[in-house]
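> give me the fold of what follows.
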Amino acid sequence: RAVAFVVSIIGALCAGSITVFSLYGHLFQSRLHYSQFQINGIASVMSLSMYIPVPMIGYACDRVGPGPLSFLASILLGGGYGLAAGLYHKGLEEVENGGKGVKTTFPPMVFAFVAIGVGTSCMYLSAITTCAKNFGQGKYRGLMLVAPIASFGLGGMVLSQIGSRILYETQPDGAKDVNVFHFFLFLCIVLAILGLIGTFSLRVVDEEDLIDGAVEELERSGLLEGSEVFRRRAHREYGAIDDIDDDAGAMDPARDDEDDNARLKKAWLLNAETRRFLSDHTMWWFGIGFWLIIGPGEAFINNLGTVVGTLYSPSTKSNETSVATHVSIMAAVSTVARLLAASLSDLLSPSPHSQHIQTGFPTSLPELRQKMTISRVVIFIAAAIILSIGTLVLASGAVQEHGERFWIVSGAIGAGYGAVFSLTPIIVTMIWGVENFGTNFGILALTPALGSTMWGLIYSAEYQAGAQNSPSLAEGADEDVFCYGTRCYSSTFWAMTISVWIGAVMVLWAWKGRSGWSKRGIVI
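Next up, the predicted model:
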């Protein structure tokens, strides 16, 4: 367990490389002459490829284990970042020779970031699933689950500093920026090696006991009459074994039958829990609310570089803020928020007595602590409100021409985003158990991709419209224009703020509404 935990933490840390897209995304615009729509296209494809396969990846992780997924991550991340490095270098050469790097590099660059997205999903999900199943019991199980999630966020801060302070290049005007080619090569090598290490070290300890405990828990609730299959199978196999000669004992058929029975039981239980999860109407309220809340945070992270670029016009010389600074602020605050939210969840919120799915029946209700508790849903909604404060401040125009205030935006969005993302898997394990965690969380994890893509397109449309209508760029501006001022983002972030508020109400309804968790006696 200890080895698997350490490897999970390190793997999640390096998988956080996907969160630093804004560190180099603006260089695709200034160096390779990509348009804002093309940059958002890459970011959206990366996000979609990271989230959309998650149900299938989670399904595979629950059934074959995290090790094979780590091996797949090694291939995809190593190949993806390696290809991106080569394409970026090729694009620079073409631009320097008077051509346009967009035409030859954009399509394969999209393919490279698809591989990066899927590989990140494999590495990240194998890490958190390992921790969720190995540490599903105990007072601090929420913190143990969130440790790789927090590490994923911390990876953004660590890697952005490596990129901007170690793997940097000096621009013609004397400014320093990340050397994208060297940065991609660095990520290619590190992630390929880590994936190979995880192949052999990420394991779920005592998984058979976990499955048996879940079956017994649900049998007591009277929900799994189908488990009679196992009793009939076991009885039939017992009679068959009795008829075997002692001389045939060397073949050990009993062990083979036990293995077959264990595999059948595991597959049957996981399929039953998947059906139960999908048929739970509160999951849909929770999932839609999560989508409305997390989408704005994802889009802000992907577009942080261009948002910072809108704060000052070219005629205003200011060094008040930089993209790398706010990538680091978001990563640091997000990491602290993830750990703090998990700690508050463990210390202040009620917990069920087992790590299995809650049925709401009296037999599965815990003995609650005799002290005042705060529901995890309350902490979740508080985090969503903090996120909305960041989008509200940006939408109001309070930071325009005042880059020194932008930390309020990046800090609030980072804190809210981090806490919401850490509490979501905790809530999933508390309500629906850990046995099928990869599949269950994978289904919910589809929503950030949809939200990120939707808000990214909305922001891109407003940015491009603002750039085309900019009076300062009227003379001879081509398609590679930049946008400055609140016209580039204000309407989008007002809409994001309202979206987060609606999402918070939906999660509240899943908890307190008709046949909600509270009404069913589910401890959360």
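
> give me the number of residues near residue 279?
The number of residues packed near residue 279 is 9, by other C-beta atoms under 10 Å. Placement of C-beta: from N, CA and C, glycine included.

> I meant residue 200, not that one.
12.

> equivalent analysis for residue 29, please.
A count of neighbours around residue 29, defined by other C-beta under 10 Å, yields 18.

> for the protein, which helix is longest?
Determined from DSSP state H, the single longest helix within the chain is helix 101-134.

> now do it: which elements does it pack against?
Contacts of helix 101-134 with other secondary structure elements, assessed using 3 or more C-beta pairs under 8 Å, 6 or more residues apart in numbering; DSSP states H and E, are made with helix 2-15, helix 36-51, helix 54-64, helix 66-96, helix 141-165, helix 180-201, helix 406-432, helix 437-444.

> now these as a markdown table including distance to residue 491 and mean pLDDT?
Formatted as a markdown table, those follow (distance: least, C-beta to C-beta, whole Å; pLDDT from 0 to 100):
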| stretch | distance to residue 491 | mean pLDDT |
| --- | --- | --- |
| helix 2-15 | 34 | 94 |
| helix 36-51 | 16 | 87 |
| helix 54-64 | 31 | 91 |
| helix 66-96 | 32 | 94 |
| helix 141-165 | 28 | 86 |
| helix 180-201 | 31 | 95 |
| helix 406-432 | 16 | 93 |
| helix 437-444 | 29 | 90 |
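
> out of the ones you listed, which comes closest to residue 490?
helix 406-432 (12.7 Å; C-beta to C-beta).

> ok, back up a step: out of the helices and strands packed on helix 101-134, nearest to residue 302?
Short answer: helix 36-51, nearest of the helices and strands packed on helix 101-134 by C-beta to C-beta, at 4.0 Å.

> elements contacting that closest one?
Secondary elements touching helix 36-51 (3+ C-beta pairs under 8 Å, 6+ apart): helix 21-30, helix 101-134, helix 281-302, helix 446-468.

> quick one, the last one and helix 101-134 angle?
Note on geometry: by axes from the mean of the first three to the mean of the last three C-alpha atoms, to 10 degrees, helix 446-468 and helix 101-134 are set 150 degrees apart in direction.

> list the buried ones in helix 446-468?
For helix 446-468, burial by neighbour count (16 or more other C-beta atoms under 10 Å) applies to 446-456, 458-460, 462-464, 466-467.

> now swap in the longest one and tell me
Counting neighbours by 16+ other C-beta under 10 Å, one finds that the buried residues in helix 101-134 are 101-102, 105-106, 109-110, 112-134.

> pLDDT weak spots in the stretch 401-524 of the chain?
By pLDDT under 70, the low-scoring segments of the stretch 401-524 of the chain are 470-481.

> try it again with 90
When residues are selected by pLDDT under 90, those of the stretch 401-524 of the chain lie in 401-405, 429-430, 432-438, 445-453, 456, 460, 464-487, 514-515, 518-524.

> what's the distance between stretch 329-336 and the middle of its chain?
Relative to its parent chain, stretch 329-336 has a centroid offset of 15 Å by C-alpha atoms, centre = their mean, to the nearest Å.

> need the three-state assignment for residue 137.
For residue 137, the secondary structure call by DSSP: H, G, I helix; E, B strand; the rest coil comes out as coil.

> what's the separation between it and residue 29?
Separation of residue 137 from residue 29 (C-beta to C-beta, to the nearest Å): 49 Å.

> what does residue 179 give?
Using C-beta to C-beta, residue 179 is found at 17 Å from residue 29.

> now do residue 206
51 Å.

> same check on residue 309?
9 Å.

> between those two, which contacts overlap?
Taking C-beta atoms under 8 Å, 6 or more residues apart in numbering as the contact rule, residue 309 and residue 29 both touch residue 482.

> re the thing from before, any chance of CSV for the helices and strands packed on helix 101-134, columns distance to residue 265?
As requested, those are exported to CSV (distance: least, C-beta to C-beta, whole Å):
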stretch, distance to residue 265
helix 2-15, 23
helix 36-51, 31
helix 54-64, 13
helix 66-96, 20
helix 141-165, 24
helix 180-201, 26
helix 406-432, 19
helix 437-444, 17
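
> which among those is found nearest to residue 503?
Across those (criterion: C-beta to C-beta), the nearest stretch is helix 406-432, sitting at 9.2 Å.

> what's that closest one packed up against?
If contacts are counted by 3+ C-beta pairs under 8 Å, 6+ apart, helix 406-432 sits against helix 101-134, helix 141-165, helix 253-279, helix 281-302, helix 323-348, helix 376-396, helix 437-444.

> that helix: which residues count as buried?
Under 16+ other C-beta under 10 Å, the buried positions of helix 406-432 are 406-432.

> for the closest residue to residue 334 other than its chain neighbours, give me its contacts.
What sits nearest to residue 334 in space, not counting adjacent residues and going by C-beta to C-beta, 6 or more residues apart in numbering, is residue 418, at 3.2 Å. Applying C-beta under 8 Å, 6+ apart, one finds that residue 418 lies in contact with 150, 153, 333, 334, 335, 336, 337, 338, 341, 383.

> ok, now residue 400?
For residue 400, the contact set (C-beta under 8 Å, 6+ apart) comprises 310, 311, 485, 486.

> how about a cut-off of 7 Å?
Residues touching residue 400, when contacts are defined by C-beta atoms under 7 Å, 6 or more residues apart in numbering, comprise 311, 485, 486.

> which SS class is it?
Following three-state DSSP, residue 400 is assigned to coil.

> alpha carbons of stretch 425-441, as PDB, please.
Coordinates of each C-alpha in stretch 425-441 appear next as PDB, following Å, rounded to 0.1, in the frame of the first residue of the first chain:
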ATOM      1  CA  PRO A 425     -14.800  11.900  -5.800                       C
ATOM      2  CA  ILE A 426     -15.100  11.900  -2.000                       C
ATOM      3  CA  ILE A 427     -18.900  12.300  -2.300                       C
ATOM      4  CA  VAL A 428     -19.000   9.500  -4.900                       C
ATOM      5  CA  THR A 429     -17.100   7.100  -2.700                       C
ATOM      6  CA  MET A 430     -19.200   8.000   0.400                       C
ATOM      7  CA  ILE A 431     -22.600   7.400  -1.400                       C
ATOM      8  CA  TRP A 432     -21.800   4.800  -4.000                       C
ATOM      9  CA  GLY A 433     -18.800   3.000  -2.500                       C
ATOM     10  CA  VAL A 434     -15.300   2.300  -3.700                       C
ATOM     11  CA  GLU A 435     -15.600  -1.000  -5.500                       C
ATOM     12  CA  ASN A 436     -16.800   0.600  -8.700                       C
ATOM     13  CA  PHE A 437     -15.200   4.000  -8.100                       C
ATOM     14  CA  GLY A 438     -13.300   4.100 -11.400                       C
ATOM     15  CA  THR A 439     -16.500   3.600 -13.500                       C
ATOM     16  CA  ASN A 440     -18.700   5.900 -11.300                       C
ATOM     17  CA  PHE A 441     -16.300   8.800 -11.100                       C
END
